[in-house]
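Chemist: any chance you could fold what I've pasted below:
(chains A, B and C)
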Amino acid sequence: MTQAEKAQLQSWLQTALELELATIPPYLTALLSIRLPANREAAELIRSVMVEEMLHVALVANVLVAIGGQPRFDADAVSTYPVEMTFEGETFSDREFPLDLRPFSAEAIATFLQIEMPQIPRHVTEFAKGLVVPGLTIGEFYQKIIDLLEKLARENEAALFTGDPTWQVDASYYWSGGGSITRVFDLGTAKEALQLVIDQGEGAWEAAAGKRMMNADSHFDMGHYYRFNQIACERRYRREDDPKGPPTGQPIRVNYEASYNFRPNPVADDYVGHAELAALNDMFNARYTVMLIQLQEAFSGTPKTLYTAIMDSMHELTPLAHEMMKRPYPGDELGRSACPTFEYVAFANDGFAERLQTEDVEKA
Amino acid sequence: MRVETVIIGSGVAAAALSQRLLELDPQASILMLEAGPRVKTQDFGLWENFLITRDTPYKPYLDLPFPAQDREGENANTGIASGEMMDARVMAYGGSTLHWGGWSFRMKPEDFRQASTSGVGTDWPFGYDVLEPYYGEAEHYLAVSGDSADRTVPRTRDYPFPAFPYTLQDRDFANAFDGLGITHGHLPIARRGVSAVPSRHAPCQTTGTCKYCPFGARFVAGDYLDDFRAWNDLPNFEIRLGAIVETIIASGSGRVDGVIYLDRDSGEEVTVQADRVVIAAGAVESAKLLLRSPAPGHPNGMGNQGDMVGRNLITHPFFRFKGKLLENPKKLQAEMDFPTLVSRHFDTEAEQAKGKFVLVPPAEAVKVDFLGQMRAGKSRSTIEAALTGPAELQLHGMIEIFGRPGNRIENLIGRNRIGLHQTQVSLSPDGDHLARMDEIRAIAASVYVAMGAELLGPPSISWRIDHAASTCRMSDDPAQGVVNSDLQVHGLDNLYVCSNAVMPSIGAVNPTVTLGALALRLGDRLANGSDRASQGLTEQVPV
Amino acid sequence: MYRSRARHNLSPVVPRIADEDLQTLWKLFVAIGDHWEMREDARTYRLRHEAFLGNRIAMNPLYQGYYHKGCEALRSLIEQHGEEEAYRLLLGEQSGQPPPPLDSGSLEILRKRLVEEFIAVRLALGGFREFGGINYRGYFGGALLPGAPAPYRTGEAARES
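Modeler: Presented below is the predicted three-dimensional model:
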């Protein structure tokens, strides 16, 4: 194995990380736009998917650390919306649509279905019809990564997995859904981690006749696609349903009107001159950036920083977003409301990242 | 206004009961009334403040100490024992689970027949077997980590999470117990663990700040109520805070009509009509409320025809034995904030007549204080020398006492700072208490000797009423108790007490899991769901 | 969904600490580790230290003033005595008299609101490891995972799941 091959693998894994990371703000804004207690079940489903995306970020980061790489959560890793996901200059064939920051709506759910579309066509709702799936899909992209991993491991597994496992996050840090984080230290565990990412996206279930649903709230292991399809069809799946067909279980009450109708893909410049909104947006982005820096730190040798990222930063974002969503978007002809812009900010006078770098330079 | 069920209180009993009722019928009409306010839990900033100052955010909602010569206080005690109320309970949303340690024992079968052995008090009106399936459900609800292979008590269901291994510190105690033939085991503790069942509640991260757990891994009723409401559509379930129930109202015909509560914010009295009322306000307030609620046929308070309400107060005197370890080469220190080891060797039928007791090496069995020494400017070498040199040891435990009519809880004129009526406690030890403590002291001394340590002096014994119980005790004979075996107040069809107050005895262990079991059982009965286990629905809602 | 954070009514949403003060506060934090010969690289704690400062201000707006006053006092102490001696005077056993040029008021702020709190934080973040334990009350030890060693000293081999 050459350094170049290893570097290529690391670069692909970084792309995978960025892919997973990019889905989080769209899921989060849709979630935050829901005006509870309406759409509670839909909110639960979106939340469960979003939390698993965070798991995917951690799994991919663990694999990257395991092969001696450094996951990046910096300004380059973070998307601005609308974003088109690309790989080697080409858009993913199953993502030839931009990812938006969009309120909870039929359009948003349609996009989420496309994001999570499994490789084998399942029940396609009217929203997702017309989708063409040629060429490199996300699933195929992950397969390329796995193939390269296998190839390099066959040549010299020990030389490939050189990373410090204590730099990875383990199951202590994740408790919020199905699946679990494992440390990656060899080919087997690396493949397990990546396979879980694939399965959680698109995994279906074996239609099991005669098994009674525990209760309306238990979402048995079903992939993200199916969870969103439940929202789109406003009905839960039953274990007896064929995954290739529509859900036939309990109805889910969905009311797209009961959400903050913010203007999609807000732009920070539009808040200039509107002191309150600009301040709120700055605060949000400052907190968001701190959270990303803490994620960076968590995968740079201090995994316990993840606790601070989750508890301190994440909990700050929600009330700030809601404050913004209660205010009108400046000059919007449709009277829609504002929304945070999820931008990575370079701190000027009272920031963390720059000083951290300066400190390193001084000590070097 | 009118509702189906009023639940007074918001602690473990109220939370377990309401969750069971709503699981069985999400449309159930329930109004929960809590006198205290909400305390912000799982807040990182408040947690850091706790780390630095040891101040908990619920400190303002503890009782003040009894009045003293130079100090205003609250409540009063007229007995010989301290009957201390400060820090015995928390008067806020979530109740005393805000500050509890989470020790999660089942009582033993003989505890249900305690009076037959000791000759004092009354037996429970049913046996361990009746409550056993509910013990299992309560352990799951409270997320208890325990040793399922431990057969100190019979069980038909495993704990939801495995036991925490003994700490290094506890190993020395365990070895000493072994040498003396004193049986011991893992202390079952309400700290969520990790299992194949996914959960949205975080597992214990051994942060060691249990009194204000940043993850909510230690069961707090308010957190579970909040989550339960956030994750389910429960259109007729309402919780009101700052609602101080003054009295239960009854116009006659063997039923109650509802409650009157004082709205703390507005100062107004609000009347709520209800099809039934469940008092789940703790052993102190539940008794006081009944005493304040006369009714036709109940001139001295509901359920008080036998003059039992508020009487027979029991709790667990809590003792601490100090010891001195000559040296500490293994650098033993508190790495956790909850104990992992317990001996129930003296928690047996043979010990019942004299009062059973348990022994628990505390989390801080070896006293070491790096923070204090560093703040005092001690050097590194001084701190290290102190660490491995002679050390102070502690061994804790608690002992069973028996209910006497003269040990009681009453209303006291005046309001406390929460707005509740103040309390008069009367608690006096039995004559043979000191002799019993001498026996225990000899055992503690032998444990220390076996550890290469020596006992330092007599124990300090706290008569703080954390585990207050029996003030509305259960008996199917109305002359002997306040509620029947279904927790119904005698003479009133639709009034219930769901609290440690109903327990005729509590053995030598914390009553919380037993209370959870009683609450879940009451929920089944009230919903007419009969025995849930027989319908095959044994799984809890995955939360 | 996510619970909002507790914050004092008068505390700013985004705390502002002057650059110079941030540097001084950080150096004090590092000096504490050095004084007690803590071997862990303090830089791993930089971000959490800054988050801590922000949280203290969020809990109590007076901390904005405490930090500034405390830093001024510390800088004047360093100017008078040089860094090494200044930290020795500040962190070692106290004589009761404030070392010049400090007065008792500024010494109290410096010791109580800065030094004593930073000591607690440093211990809890990992400094405790100097004294033989692998967990500490205030440290995120981690969960008890099936098949993995317990996150505290037990003296026994890894539990089977």
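Chemist: C-alpha from now on. contacts and neighbour counts both.
Modeler: Fine.
Chemist: what segments of chain A are helices?
Modeler: A:3-33, A:40-66, A:106-115, A:138-160, A:187-202, A:224-233, A:275-298, A:305-308, A:315-325, A:353-363 (DSSP state H).
Chemist: repeat that for chain C.
Modeler: So, for chain C - with DSSP H - the helices run C:19-35, C:46-59, C:62-81, C:83-91, C:104-108, C:116-125.
Chemist: possible to save these as TSV with mean neighbour count?
Modeler: Formatted as TSV, the helices of chain C follow (neighbours: other C-alpha atoms under 10 Å in any protein chain shown):
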stretch	mean neighbour count
helix C:19-35	18
helix C:46-59	20
helix C:62-81	19
helix C:83-91	17
helix C:104-108	16
helix C:116-125	22
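Chemist: now the helix or strand bottoming out on mean pLDDT in chain C against helix C:116-125, angle please.
Modeler: Scoring the helices and strands of chain C by mean pLDDT, DSSP states H and E places helix C:46-59 at the bottom, with a mean of 89. Interaxial angle, helix C:46-59 versus helix C:116-125 (axes from the mean of the first three to the mean of the last three C-alpha atoms, to 10 degrees): 130 degrees.
Chemist: which among the helices of chain C is found nearest to B:Ala444?
Modeler: Taking C-alpha to C-alpha, helix C:116-125 is the member of the helices of chain C nearest to B:Ala444, at 33.0 Å.
Chemist: so what touches the closest one?
Modeler: For helix C:116-125, the surrounding residues in contact (C-alpha atoms under 8 Å, 6 or more residues apart in numbering or on different chains) are B:51-52, B:371, B:374-375, C:29, C:32-33, C:45, C:49, C:136-139.
Chemist: ok, the residue of chain A found nearest chain C - contacts?
Modeler: For chain A, the residue closest to chain C is A:Ser172, as judged by C-alpha to the nearest C-alpha, at 5.0 Å. Taking C-alpha under 8 Å, 6+ apart as the criterion, A:Ser172 is in contact with B:Pro203, B:Gln205, C:Gly142, C:Ala143, C:Leu144, C:Leu145.
Chemist: burial count for the second one?
Modeler: Using other C-alpha atoms under 10 Å in any protein chain shown, the number of residues around B:Gln205 comes to 23.
Chemist: B:Ala501 contacts B:Lys288, doesn't it?
Modeler: No - when contacts are counted by C-alpha atoms under 8 Å, B:Ala501 is not listed as touching B:Lys288 (10.8 Å).
Chemist: more crowded one of the two?
Modeler: Ranked by neighbour count (other C-alpha under 10 Å), B:Ala501 and B:Lys288 place B:Ala501 first, with 33 against 27.
Chemist: so that one, which state does it fall into?
Modeler: Three-state call for B:Ala501 (DSSP: H, G, I helix; E, B strand; the rest coil): helix.
Chemist: for it, give its distance to B:Leu412.
Modeler: For B:Ala501, the distance to B:Leu412 (C-alpha to C-alpha, to the nearest Å) stands at 19 Å.
Chemist: what's around A:Thr23, how many residues?
Modeler: Residues lying near A:Thr23 (other C-alpha under 10 Å) number 20.
Chemist: mind listing what it touches?
Modeler: Per C-alpha under 8 Å, 6+ apart, neighbours of A:Thr23: A:Met50, A:Glu53, A:Leu99.
Chemist: for the residues you listed, give me TSV that also has neighbour count.
Modeler: Converted to TSV, those look like this (neighbours: other C-alpha under 10 Å):
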residue	neighbour count
A:Met50	22
A:Glu53	24
A:Leu99	23
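Chemist: return the member of the helices of chain C having the minimum mean pLDDT.
Modeler: Confidence, taken as mean pLDDT, is least for helix C:46-59 of the helices of chain C (a mean of 89).
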